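Q: Sequence and predicted structure below; questions after.
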Amino acid sequence: MTRTTFFFRSLATAAVALVAAGSTAVAQGTESAQSFGYPVGELSTRALGTAGALGEVDARSAINPSALSLQPQGAVFAQYDPELRTVVTSAGTAHTTTARFPNVGAVLPVNRRLVFGVSASTFLDRTWETTTSRTQTFGADTAVSFDERRRSDGGIEDLRLAAAYSLSPSVRIGIAGHGYTGSTRVTASELFADTLQYRNITQVSNVSYGGNAVSAGVEVDLLPKLNIALSGRKGGHATMYVNDTAAVHGNIPDRYSGSITFEGIPGTIIGARFSRELWSQMQSLSINNAPAVDATDVSAGIESAGPRLGGFPLLIRAGIRRRDLPFPVNGADVRETSWGGGIGLPIAYDRVTFDLAVLRSTRTGVAGVDEHAYNFSLGLRVRP
């Protein structure tokens, strides 16, 4: 193979890798960030402290719009979620740190019954990088070494405008409109050790997304200490653009979910949540028709008041979660199990709340690949 032939072959290979919505676990170096990316979950730090169990009744999670009525006080919030990921394969061990800012927003009460909310949360995170060492023969030159590097940065964001209304002290409803936007910058490079004889090759492509959806929810106090919450999202039209050109069309996936919570123990809330997300509806949005599977998410957790600080209780949380990830690896479905806990710390007479959550997650399903991660979440809520 001549150097010129190799140059054009590499360009073609890079272009295919850039526009493809999915790839193998070896290429991306992770089980969790296949195809369109890792589903972060749109959960607040508080909800993550219970492994997602309180997501349906949490005003800062972009799940159930009726939950806004549970916090009739104005507030702004933000969170930072770093992930420390380790992937072990027969080729070796890779460590990755991913920094996310997955959830910011505000709660805006109009009166005791009507509350509005705005938020921007991460829907899918497609951040990964991998480097593979290879050798190639060029004419009389044999075993020329170079690194094949693939990198992706970006994802899809969910911009939500929601409203909740209390029909009565025991019944609350909510509705929200969602706009989905984002982009992914993908870089494919062939990097040679001998740059005097061989020229490095780098190809960059930008993939962007646009879509919409609506969601609705309801919460009912069946008994004074027993609550049931239900919500659903109806996905609308979505488009993928490659370098500002409309490439394919599809749909944002539908979702339906519900939870039950019990507050019969003073200062304690116990909850369990079930969710089903129809990710297969998103498959047509992929250029190479990468597979997507419908995913189930089940979690259970507890939040309880601990010792008092400045007159307000320190909140202690724990939970466990088991869910499917939406994008298979070489035909193998990936499942994630997470367990952990967190705390909620009131500051300045409860006008500022600092939340911390830590989850240990394992992802299984692909033979010969062991992936686990520590997911941290730091949240801040400020109210006037």
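A: Arrived safely, thanks for sending. Because the structure is predicted, anything quoted here is derived from the model rather than measured. Numbers count the residues shown, from 1 in each chain.

Q: Every contact and neighbour count from this point should use C-alpha atoms.
A: OK.

Q: From residue 251, how far out is residue 318?
A: Distance, residue 318 to residue 251, using C-alpha to C-alpha, to the nearest Å: 35 Å.

Q: Comparing those two, which residue is more hemmed in?
A: residue 318 (25 against 21; other C-alpha atoms under 10 Å).

Q: Beta-bridge partners for the more buried one, please?
A: Beta-bridge pairing for residue 318 (DSSP bridges): residue 302, residue 341.

Q: how close does it get to residue 343?
A: Distance of residue 318 to residue 343, given as C-alpha to C-alpha: 9 Å.

Q: which residues are in contact with both of these two?
A: Counting by C-alpha atoms under 8 Å, 6 or more residues apart in numbering, the contacts common to residue 318 and residue 343 are residue 49.

Q: For the most centrally placed residue in the chain, list the residues it contacts.
A: With distances taken as C-alpha atoms, centre = their mean, the residue of the chain nearest its centroid is residue 40 (1.4 Å). By C-alpha under 8 Å, 6+ apart, the contact list for residue 40 reads 102, 122, 123, 124, 125.

Q: Quick check: residue 75 touching residue 382?
A: Yes: in this structure, residue 75 is within contact of residue 382 by C-alpha atoms under 8 Å, at 5.5 Å.

Q: the strands in the stretch 51-200 of the chain, which residues?
A: Assigned by DSSP state E, counting those that start in this stretch, the strands in the stretch 51-200 of the chain fall at 75-89, 92-109, 114-125, 128-138, 141-168, 171-192.

Q: What average pLDDT does the fourth one get?
A: Pointing back at strand 128-138 there. Strand 128-138 shows a mean pLDDT of 70.

Q: Could you list the buried residues of the host helix or strand of residue 48?
A: Assessed by DSSP states H and E, residue 48 sits inside helix 45-49. Neighbour-count burial for helix 45-49, counted by 16 or more other C-alpha atoms under 10 Å, picks out 45, 46, 47, 48, 49.

Q: Kindly report the same for stretch 263-277.
A: 263, 268, 269, 270, 271, 272, 273, 274, 275, 276, 277.

Q: Filter those residues down to just the ones in strands.
A: 268, 269, 270, 271, 272, 273, 274, 275, 276, 277 (DSSP state E).

Q: ok, so of these, who is nearest residue 257?
A: Closest approach to residue 257 among these (C-alpha to C-alpha): residue 275, at 4.0 Å.

Q: In space, what's closest to that closest one - neighbours in sequence excluded?
A: residue 257 (4.0 Å; C-alpha to C-alpha, 6 or more residues apart in numbering).

Q: now swap in residue 202 and tell me
A: Nearest non-adjacent residue to residue 202, counting by C-alpha to C-alpha, 6+ apart: residue 189, 4.3 Å away.

Q: just residue 156 next, same as before
A: According to C-alpha to C-alpha, 6+ apart, the nearest residue to residue 156 is residue 182 (4.4 Å).

Q: give me the low-pLDDT residue ranges for the stretch 51-200 of the chain?
A: Scanning the stretch 51-200 of the chain for pLDDT under 70 picks out 72, 131, 134, 136-142, 194-195.

Q: try 90
A: 70-73, 86-99, 112, 126-155, 183-200 (pLDDT under 90).

Q: The stretch 251-384 of the chain now?
A: 282-292, 306-313, 327-333, 347-351, 365-370, 383-384.

Q: quick one: the strands in it?
A: Counting by DSSP E, counting those that start in this stretch, the strands of the stretch 251-384 of the chain are 255-262, 268-277, 295-309, 312-324, 335-347, 352-364, 370-382.

Q: With just CA atoms, put the third one into PDB.
A: Yep, that's strand 295-309 we're talking about. Extracted C-alpha coordinates of strand 295-309, given in PDB (Å, rounded to 0.1, in the frame of the first residue of the first chain):
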ATOM      1  CA  ALA A 295     -35.200   0.400  28.700                       C
ATOM      2  CA  THR A 296     -36.700  -0.300  32.200                       C
ATOM      3  CA  ASP A 297     -35.500   1.600  35.200                       C
ATOM      4  CA  VAL A 298     -36.400   0.500  38.800                       C
ATOM      5  CA  SER A 299     -35.100   2.100  42.000                       C
ATOM      6  CA  ALA A 300     -35.900   2.200  45.700                       C
ATOM      7  CA  GLY A 301     -34.600   4.500  48.400                       C
ATOM      8  CA  ILE A 302     -35.000   6.400  51.600                       C
ATOM      9  CA  GLU A 303     -34.500   9.900  52.900                       C
ATOM     10  CA  SER A 304     -34.400  10.500  56.700                       C
ATOM     11  CA  ALA A 305     -33.800  13.400  59.000                       C
ATOM     12  CA  GLY A 306     -30.600  13.100  60.900                       C
ATOM     13  CA  PRO A 307     -28.900  15.400  63.500                       C
ATOM     14  CA  ARG A 308     -30.000  19.000  63.500                       C
ATOM     15  CA  LEU A 309     -27.700  21.700  62.300                       C
END
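
Q: tell me which residues of that strand are tucked away?
A: By neighbour count on 16+ other C-alpha under 10 Å, the buried set for strand 295-309 is 295, 296, 297, 298, 299, 300, 301, 302, 303, 304, 305, 306.
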